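Peer 1: A predicted structure for the sequence below; I have some questions about it.
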Amino acid sequence: MSSEDELAVALYNEHKKSLQTYVRQRLPGAHLAHAEDVVQETFARTVRHLNNGNQVESPRGFLFTTARNLITSMFYRRREYMETDATEDMDAYAADANACSPQRSVAARQRLDALIAAIAGLPKNYQEAFVRRRIWGESCREIAAAMGIKEHTVSTYVALGWQLLDDYCKEHDIDLQSFTDL
């Protein structure tokens, strides 16, 4: 075993638990499933870095910086996706509906239009928080930072938005459960 491999194994044994904790604390709930992937990729990149003959002054710092950069990169890619026009997702849903019989297609499109109208009818802050949380899957922390409000306020907006949406759907005989993405 080379000295780089021995260093990599020692780093892994010494820092795995603390790196896992670090990564889990920085990933929102919806992304916790990716925590182990981030940890493994962090160690893989560190080993490649060492095997390329590079020196590392602070191995722990290098690991944690690499993990932070991977998480940032992951959210940057997700943010790029979320910044695309949301109508693309709606159009994809409508295209699936069009693949059905004409009657089912019309019914699905009407339900979708009713849901879009219901969401559009929410107060602006509720609407933004609700869509970001329930449609895009952002964490309350991310939403709070983007909207310039407290996390607790985001939770309140989402809950009240959901209640208003549920009331609207009941009033207009829309089956909210048929929209499993929410």
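Peer 2: That came through fine.

Peer 1: C-alpha from now on. contacts and neighbour counts both.
Peer 2: OK.

Peer 1: find the least confident helix or strand in this structure, judged by mean pLDDT.
Peer 2: Least confident helix or strand of the chain, by mean pLDDT, DSSP states H and E, is helix 87-98 with a mean of 56.

Peer 1: how much space separates Asp173 from Leu32?
Peer 2: The spacing between Asp173 and Leu32, counted by Cα to Cα, to the nearest Å, is 36 Å.

Peer 1: how far out from the middle of the chain is stretch 141-155?
Peer 2: 15 Å (Cα atoms, centre = their mean, to the nearest Å).

Peer 1: now do the helices in the protein.
Peer 2: 3-26, 35-51, 59-82, 87-98, 102-120, 124-130, 140-147, 151-171 (DSSP state H).

Peer 1: contacting residues around the nearest residue to Val158 once chain neighbours are set aside?
Peer 2: Of all residues not flanking Val158 in the chain, Phe130 sits nearest, at 4.7 Å (Cα to Cα, 6 or more residues apart in numbering). Contacts for Phe130 were tallied using Cα atoms under 8 Å, 6 or more residues apart in numbering; they are 157-158, 161-162.
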